[in-house]
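# okay, here's the prediction I keep looking at, along with the sequence it came from:
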Amino acid sequence: MAPAEPLTNTILYLDGVSVSFDGFRAINNLSLTLDKGEMRAIIGPNGAGKTTMMDLITGKTRPDKGDIYFDGAHDLTRYDEAEIANLGIGRKFQKPTVFECHTVEDNIALSLKGPRGAFRTIFDRRSASEPSRIDEILAIIRLTDRRDELAANLSHGQKQWLEIGMLLAQEPKLLLIDEPVAGMTDAETEETARLLRDIATRHSVIVVEHDMHFVRELGVKVTCLHEGSVLAEGSIDHVSQDPRVIEVYLGR
Ligand SMILES: Nc1ncnc2c1ncn2[C@@H]1O[C@H](COP(=O)(O)OP(=O)(O)OP(=O)(O)O)[C@@H](O)[C@H]1O
C-alpha cells in the first residue's frame, strides 16, 4: 500500500518488508526511510540481511510482503531490475568492475547517460556538454591526474573510485554502495569517506560497510540490521553504545 502521507522529502520508503529463502526469513518486517539528499550507513553482522535489502531495492529479489517506494509514487515491487536502474537507482557491488583496457576517462565516457552505443561514445565527437561532465566526475573521484591512464594500472582503491564515477555518469538519484573500503589502505579509506560526503551533497546514498572507523568518518545516520530487521538507528555514538548492537555486532 502506498504511504498514507505524501512523502515529498523521501527518496526511499520500505515498510513491513519480508522475504524468505526456503523457509528462512532473511528480511523480517523491515521498515526504513531515506530522505532526499541523505547518506545512510548500514551496518550489521554477517547474514543480517544487508545484501538482501539491496537486492530488494534493485529488483533482484522480490519481497514476499511489504512495500518499497522510490521517489514518490514508484512502487519498486512492480518494476524489473532494468526499469529500476532507469528510474535512477545505481548499485556498486563490492568488487570493482571497470573496463581495464580503457583509460580512466573512457571508462567514464562509456558510462555517461544518453542514447549512445559504446563505440559511438569513444569515437564520435562528444557533445559540448560532455567534457565538462567528465571533468567534473574525474574531480569528484580524485582521478583527474590519472585520466589518460589505463584503468588496469590503477590501485584497488582507485578502481573503486572509478566505478563510483561510472555510476555517477548515469546520474542516479540514489546510489547503493556495498563495502567500498574493503581492501583499501587507511589513506584511501579516509579519502573515500570525503569522496562520498562530496557525492552526498547531490545524491542520496546508502553505504553498507563493516569498517566502523570509516562509518564514523562518514558522519551520517547509521542503521544496524540484525536478523532482517532494524536493531538500532541513529548517530554512530548512539548506535555503537546500544548494548544490543554491542552484543550482536561490535563485541564480536
Ligand atoms: N538467494 C538466497 N538463497 C538462500 N539464502 C539466502 C539467499 N540470499 C541470502 N540468503 C540468506 O539470507 C541471510 C541474509 O543474507 P545477506 O547476504 O543479505 O546478509 P548480509 O547482511 O549482507 O551479510 P554479509 O555481511 O555477510 O554480506 C543469510 O543467512 C543468507 O545465507
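Perfect, thanks for sending it. None of the values given here were measured: they were computed from a predicted structure.

# so what's residue 168 up against?
The contact partners of residue 168, by CB atoms under 8 Å, 6 or more residues apart in numbering, come to 90, 137, 140, 141, 175, 199, 203. Every residue, glycine included, has its C-beta placed from N, CA and C.

# my bad, residue 16
Counting by CB under 8 Å, 6+ apart, residue 16 makes contact with 29, 30, 31, 65, 66, 67.

# please apply the same query to residue 195.
Under the criterion of CB under 8 Å, 6+ apart, the neighbours of residue 195 are 140, 141, 142, 161, 164.

# what are the bridge partners for the most centrally placed residue in the chain, then?
Most central in the chain under CA atoms, centre = their mean is residue 176, positioned 1.6 Å from the mean C-alpha point. With DSSP bridges as the criterion, residue 176 is bridged to residue 91, residue 206.

# what does residue 25 give?
residue 20.

# pull out the buried residues from the contacts of residue 195.
140, 141, 142, 161, 164 (16 or more other CB atoms under 10 Å).

# partners of the helix or strand hosting residue 232 in the sheet?
Using DSSP states H and E, the element containing residue 232 is strand 229-234. Its sheet considered, strand 229-234 pairs with strand 221-226 (antiparallel) by DSSP bridges.

# so how far is the strand it pairs with off the chain centroid?
15 Å (CA atoms, centre = their mean, to the nearest Å).

# avg pLDDT for it?
Per-residue pLDDT over strand 221-226 has a mean of 98.

# and what of stretch 152-167?
96.

# so what touches it?
For stretch 152-167, contacts defined as CB under 8 Å, 6+ apart pick out 90-92, 96-98, 100-101, 104, 107-108, 110-111, 137-138, 140-143, 146, 151, 175, 177, 180-181, 183-185, 188-189, 191-192, 195, 199.

# using CSV, write out every CA atom in stretch 49-58.
The C-alpha coordinates for stretch 49-58 follow below in CSV (Å, rounded to 0.1, in the frame of the first residue of the first chain):
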residue,chain,number,x,y,z
GLY,A,49,20.2,-9.1,5.6
LYS,A,50,22.2,-6.1,4.2
THR,A,51,22.8,-7.5,0.8
THR,A,52,19.3,-8.9,0.6
MET,A,53,17.9,-5.4,1.4
MET,A,54,19.9,-4.0,-1.6
ASP,A,55,18.7,-6.9,-3.8
LEU,A,56,15.1,-5.9,-2.8
ILE,A,57,15.6,-2.3,-3.7
THR,A,58,17.2,-3.0,-7.0
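
# helix or strand: which one has residue 165?
Secondary structure from DSSP H and E places residue 165 in helix 156-168.

# buried set for that helix?
Neighbour-count burial for helix 156-168 flags 157, 158, 159, 160, 161, 162, 163, 164, 165, 166, 167, 168 (criterion: 16+ other CB under 10 Å).

# how far off centre is that helix?
12 Å.

# next: stretch 12-29.
For stretch 12-29 - counting by CA atoms, centre = their mean - the centre lies 20 Å from the chain centre.

# could you do stretch 208-224 as well?
For stretch 208-224 - counting by CA atoms, centre = their mean - the centre lies 13 Å from the chain centre.

# for it, C-alpha coordinates in CSV please.
C-alpha atoms of stretch 208-224 as CSV (Å, rounded to 0.1, in the frame of the first residue of the first chain):
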residue,chain,number,x,y,z
VAL,A,208,26.9,-0.9,3.6
GLU,A,209,30.2,-1.2,5.4
HIS,A,210,31.8,-3.2,8.2
ASP,A,211,34.7,-0.8,8.8
MET,A,212,33.5,1.2,11.8
HIS,A,213,36.3,3.8,11.6
PHE,A,214,35.1,4.6,8.0
VAL,A,215,31.5,4.7,9.2
ARG,A,216,32.5,7.2,11.8
GLU,A,217,34.3,9.3,9.2
LEU,A,218,31.1,9.4,7.1
GLY,A,219,29.4,11.2,10.0
VAL,A,220,25.9,10.2,9.0
LYS,A,221,22.9,8.4,10.5
VAL,A,222,23.6,4.7,11.0
THR,A,223,21.1,1.8,10.8
CYS,A,224,22.2,-1.5,12.3
